[in-house]
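> the sequence and its predicted three-dimensional model are supplied below.
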Amino acid sequence: MTHAIVQDETGGPDVLSYREVPDPVAGPGEIVVRHTAIGLNYLDTYFRKGLYPAPGGMPLTIGNEAAGVVESIGDGVTLFAPGDRVAYAGSIGAYSQRRAIEADKVVAIPEGVSDEMAAAMMLKGMTARYLLKEVYKVEKGSTILYHAAAGGVGLIMGQWAKALGATAIGTVSSAEKAELAKANGYAHVINYSDDNFVEAVKTLTDGKGVDVVYDSIGKDTYPSSLDCLRPMGMWATFGQSSGVIENFSLGDLASRGSLFATRPSLFVYIGTRPRLEANAADLFKMVADGSVKIEIGQTFPLEKAADAHRALEGRKTTGSTVLVP
């Protein structure tokens with residue numbers, strides 16, 4: 001018997017229903033994974049609400065990140081065997097006790113990394129990695145601005161940027177979150193509930209602006225994020241937690257100093273097996289050597305996924321959130 005979170009329509013958290021579903025079967029090239037921990041991400045809310053189209057339509061089981069144990073393998077699978085501990089990010093359907101998934105989208109969990117930690121860090125940690133090392137190559141002396149610094153990706157970004165020798169500036173919504181961000185690598189934290197973050201960034205950088213802004217907020221931070229950049233700086237917008245950006249104009253980039261803009265997606269940056277393995281290996285190395293610590297702020301039973309979504313969208317979470325089947 002397998003249970004999963006299923007929705008029959010798009011909408012608010014109430015559309016998420018915990019119900020029995022058929023036991024999965026591994027097809028050719030697939031494995032069946034029994035989940036032990038499932039990661040919660042803002043991306044999940046986009047699929048729930050219909051901002052991103054549901055693959056295969058309704059009914060839909062959302063979720064893009066999890067860890068667990070291989071229960072069975074399909075024909076042609078050589079990467080894994082039953083009993084292996086594995087984790088993945090980027091394959092929708094994680095809000096379930098068990099699921100079938102393509103073997104080449106999964107990586108082995110190394111010794112010393114718990115299942116909960118793996119579920120909490122795969123999507124968020126690999127997001128931090130590709131943003132810092134591929135979207136814009138952050139290095140010693142770089143200055144970055146990251147919005148939502150106390151969130152799951154944000155806490156990893158602050159630590160990783162510090163390890164690279166960069167100066168990280170973060171924005172948060174409360175004094176409590178500011179303290180958390182400061183404890184996770186951020187040299188400066190701006191509470192946007194009290195201060196204008198554009199003015200604060202200008203003050204902190206002596207009017208020069210930052211090299212790159214990482215923006216997962218969307219509507220509420222546009223175009224102000226552009227005003228934080230130095231000439232020819234990079235604006236990387238990779239989410240829209242406050243809503244879709246409207247009326248974007250290329251002229252805004254020209255008028256603010258020949259800025260660069262990109263809308264990257266993790267699933268492209270880990271779209272091949274070599275890319276996935278390289279990204280995951282780099283993440284596991286940073287965690288293993290202590291450069292990055294994974295903060296699990298809260299856990300929810302899988303059947304309470306709707307409550308977890310309410311907490312996430314209500315900005316009541318810090319760090320990563322894990323659902324436990």
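Thanks, I have it.

> tally of neighbours for residue 262?
The local packing of residue 262 (other CB atoms under 10 Å) involves 12 other residues. (C-beta placed from N, C-alpha, C; glycine too.)

> my understanding was that it contacts residue 215; is that so?
No. Judged on CB atoms under 8 Å, residue 262 makes no contact with residue 215 at a distance of 10.7 Å.

> give me the common contacts of the two.
With contacts taken as CB atoms under 8 Å, 6 or more residues apart in numbering, the residues that reach both residue 262 and residue 215 are 235-237.

> who wins on neighbours among these?
Going by other CB under 10 Å, residue 235 tops those with 25 neighbours.

> show me the contacts for that residue.
Residue 235 neighbours (CB under 8 Å, 6+ apart): 212-213, 215, 225-226, 229, 253, 259-262.

> which non-adjacent residue is nearest it?
The shortest distance from residue 235 to any non-neighbouring residue, by CB to CB, 6 or more residues apart in numbering, is to residue 261 (4.7 Å).

> could you give the number of residues near the nearest residue to residue 218 once chain neighbours are set aside?
Spatial nearest neighbour of residue 218, excluding adjacent residues (CB to CB, 6+ apart): residue 240 at 3.3 Å. As a burial measure, residue 240 scores 19 neighbours (other CB under 10 Å).

> tell me who's in contact with residue 240.
Counting by CB under 8 Å, 6+ apart, residue 240 has contacts 46, 51, 216-219.

> now, these that are in helices?
Within the contacts of residue 240, residues falling in helices by DSSP state H are residue 46.

> next, the residue nearest the centre of the chain: phi, psi?
When CA atoms, centre = their mean is applied to the chain, the residue found nearest the centroid is residue 124 (3.3 Å). Backbone dihedrals for residue 124, given as degrees, to the nearest 10, come out at phi -70, psi -40.

> surely it and residue 43 touch.
No. Using CB under 8 Å as the test, residue 124 is too far from residue 43 to be in contact (10.1 Å).

> care to break this protein down by domain?
Here the domain assignment for the chain is 2-122+295-324, 140-263, based on automatic domain parsing.

> any chance of TSV for these, columns mean pLDDT?
Converted to TSV, the domains of the chain look like this (pLDDT from 0 to 100):
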stretch	mean pLDDT
domain 2-122+295-324	96
domain 140-263	95
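
> quick check: which of these is nearest to residue 282?
Residue 282 sits nearest to domain 140-263 of all those, at 9.7 Å, using CB to CB.

> just to be sure, the residue nearest to residue 218 is in a strand?
No. According to DSSP: H, G, I helix; E, B strand; the rest coil, residue 240 belongs to no strand; its state is coil.

> wait, is residue 267 part of a strand?
No. In this structure, residue 267 is helix, not part of a strand, as judged by three-state DSSP.

> how many residues are close by it?
15.

> can you check the one 10 residues further on too?
By the measure other CB under 10 Å, the count of residues near residue 277 is 14.

> likewise residue 1?
Neighbour number of residue 1 under other CB under 10 Å is 8.

> again with residue 142
Residue 142: 18 neighbours (other CB under 10 Å).

> contacting residues around it?
161, 164-167, 211-212.

> farthest-apart pair in the residues you listed, please.
165 and 212 (14.6 Å).

> comparing these two, which residue is more hemmed in?
residue 212 (26 against 11).

> check contacts around that one.
Neighbouring residues of residue 212 by CB under 8 Å, 6+ apart: 136, 138, 142, 144-145, 229, 233-236.

> ok, the spatially closest residue to residue 202 that is not a sequence neighbour - how many residues close by?
Excluding the flanking residues, the one nearest residue 202 by CB to CB, 6+ apart is residue 209, at 7.1 Å. Around residue 209 there are 23 other residues, counting by other CB under 10 Å.

> my read: residue 209 touches residue 232, true?
No. Counting by CB under 8 Å, residue 209 does not reach residue 232; the two are 10.2 Å apart.

> straight-line length of stretch 22-34, end to end?
Using CA to CA, to the nearest Å, one end of stretch 22-34 lies 14 Å from the other.
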